[in-house]
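**Q** Quick one, structure for this:
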Amino acid sequence: MFRSLFLAAALMAFTPLAANAGEITLLPSIKLQIGDRDHYGNYWDGGHWRDRDYWHRNYEWRKKPLVAS
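**A** As a prediction, the model looks like this:
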């Protein structure tokens, strides 16, 4: 029983570390997520609000290079 309680406490202690990396907490009740849209339809990129046309002009899909082991 002690081992299961210890395991439960350890899991609860490390749960916040598994939170979404694209989320910024401004205040306890206000969160901003990377990729959110405002009421004008602009997207948040982590530094600026960008319109849809910006992403079509500037975004290009790039595959991660294969790393030789």
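**Q** where exactly do the strands run in this structure?
**A** 23-27, 30-33, 43-44, 49-50 (DSSP state E).
**Q** Mean neighbour count, those: which tops it?
**A** Mean neighbour count, computed with mean count of other Cβ atoms under 10 Å, is highest for strand 43-44 among the strands of the chain, reaching a mean of 16. (Glycine included, C-beta is placed from N, CA and C.)
**Q** tell me what that one is packed against?
**A** The helices and strands touching strand 43-44, judged by 3 or more Cβ pairs under 8 Å, 6 or more residues apart in numbering; DSSP states H and E, are strand 49-50.
**Q** what comes into contact with the strand it packs on?
**A** For strand 49-50, the surrounding residues in contact (Cβ atoms under 8 Å, 6 or more residues apart in numbering) are 38, 40, 42-44.
**Q** Tell me the spacing between residue 65 and residue 32.
**A** Relative to residue 32, residue 65 is positioned 31 Å away (Cβ to Cβ, to the nearest Å).
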